[in-house]
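*Asks:* Provide a 3D model corresponding to the input given below.
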Amino acid sequence: MNMKPINWGIIGPGKIANKFATALTGLDDARISSVASRSSVRAELFAEKWGIKNAFGNYADIFNDPELDVIYIATPHSLHFENTMMCLEKSIPILCEKPFTINSKQLSLLVNLARKNKTFMMEAIMTRFLPTIETTLNIINSGELGKIRVIDADFGFKAEYNPESRLFNPDLGGGCLLDIGIYPVFLCLLLLGYPDEIKATSIKTSTGVDESTSISLRYNDGAIASLFCTFAAHTETSASIYCEKGKIRINPRWPSLSNLTVSRENHKVEDKKFNYVLNGYDYEAMEVMNCLKQGLTESPGLNLEFSLQLMKLLDAIRKTADISYPLYD
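*Replies:* Have a look, this model is predicted:
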């Protein structure tokens, strides 16, 4: 039996939205029915590129799409709270790009409203649903490598300095921690939980946001994590999980399409490769659509409590590294 396709609306037709649209157009049960931007020209160009019926030059006008099933929010970090709140007030399911908000106070308000309205909401951390992460979780949970003792993960690229850009403007939630450092922090929270001790230090730009941040996490069960992120240089962007009986390496660039190398005590090395069909954003889109089809209001793999803990951990790291956002803190 053919099922009705799920109609997506997209708010914020930028670079990430184009990647997400690429994934959606490769899924049989997905359809993009509308796009909204603060610029009618940008909305119309995006709609023309992807064959979208409805293009709106105002974010709120997207609700004029009568076929709308779920909205993907791909605006700058600073607009996530406002855009998500707008959707929740209409009880429209939401997939919001990471980071969910600028701070945990904002996110707590959104989570409370989503649960009150029984509206589906999920943070768009596409890495969570990739085969590399799922396989890593399965190996760790099986106990074959013993307990995790060290996690070493990074994410870095060289960004051209522009104080007005979303990467460096504090009013837009700029800085490397929220933009890319969230990935190594996410990995530690997923595999080890919330740490017992947090240390962090940053190199800041003239705008006050972090250009580079180094993070050290300690757990009372004996595990530690060494993480860093930067806009100052291209780094390997790999993640290594050292366990009592071996090691898992998520190869570069680990937050996106990649593969695994598993090393065991007997010196046996196994490469695990995956047959990717699309660009990786399809996995999170499929998770959302599966949840909607089941009538769920939270994803079992990336629930709202996890996102709250992640945001609180990012808050704690920012406090330790003295990273602030005057408009939001």
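
*Asks:* secondary structure class for Ala60?
*Replies:* Secondary structure state of Ala60, per DSSP: H, G, I helix; E, B strand; the rest coil, is helix.

*Asks:* low-confidence ranges in this protein?
*Replies:* Residues of the chain that meet the criterion pLDDT under 70 lie in 1-2.

*Asks:* centroid residue for it?
*Replies:* The centroid of the chain falls nearest to Ile125 when counting by C-alpha atoms, centre = their mean (2.5 Å).

*Asks:* so it makes contact with Phe186?
*Replies:* Yes. Under the criterion of C-beta atoms under 8 Å, Ile125 makes contact with Phe186 at 5.9 Å. Where you see a C-beta, it was placed from the backbone N, CA and C, and this is true even at glycine.

*Asks:* how about the residue nearest to the centre of the chain, nearest residue that isn't a chain neighbour?
*Replies:* In this structure, Ile125 finds its nearest non-sequential neighbour in Lys98, 5.0 Å apart by C-beta to C-beta, 6 or more residues apart in numbering.

*Asks:* so what's the one you found up against?
*Replies:* Residues in contact with Lys98, defined by C-beta atoms under 8 Å, 6 or more residues apart in numbering, are 123-125, 182.

*Asks:* repeat that for Ala55.
*Replies:* Contacts for Ala55 (C-beta under 8 Å, 6+ apart) come out as 34-36, 40, 43-44, 46-47.

*Asks:* with Phe155 as the reference, measure out to Ile241.
*Replies:* 15 Å (C-beta to C-beta, to the nearest Å).

*Asks:* for the chain, which segments count as strands?
*Replies:* Taking DSSP state E as the test, the strands found in the chain are 6-11, 30-36, 54-56, 70-73, 94-97, 121-124, 148-156, 197-204, 210-218, 224-230, 239-243, 246-250, 260-264, 269-272.

*Asks:* what's the fourth one in contact with?
*Replies:* In other words, strand 70-73. So strand 70-73 is contacted by 6-12, 17, 20, 62, 79-80, 83-84, 87, 92-97, 120, 124, 288-289, 292 (C-beta under 8 Å, 6+ apart).

*Asks:* again, only using 6 Å
*Replies:* Residues outside strand 70-73 that contact it (C-beta atoms under 6 Å, 6 or more residues apart in numbering): 8-11, 20, 83, 87, 92-96.

*Asks:* repeat for the first one
*Replies:* Strand 6-11 is touched from outside by 17, 24, 30-36, 59, 62, 65, 67-73, 83, 289, with contacts defined as C-beta under 6 Å, 6+ apart.

*Asks:* ok, 7 Å please
*Replies:* 17, 21, 24, 29-36, 59, 62, 65, 67-75, 83, 289, 292 (C-beta atoms under 7 Å, 6 or more residues apart in numbering).

*Asks:* buried ones among those?
*Replies:* Among the contacts of strand 6-11, those scoring as buried are 17, 21, 24, 30-36, 59, 62, 65, 68-75, 83, 289 (criterion: 16 or more other C-beta atoms under 10 Å).

*Asks:* residues contacting Lys19?
*Replies:* Listed by C-beta under 7 Å, 6+ apart, the contact partners of Lys19 are 279, 281.

*Asks:* the same query, at a cut-off of 10 Å, please.
*Replies:* When contacts are counted by C-beta atoms under 10 Å, 6 or more residues apart in numbering, Lys19 touches 74, 126, 256, 278-281.
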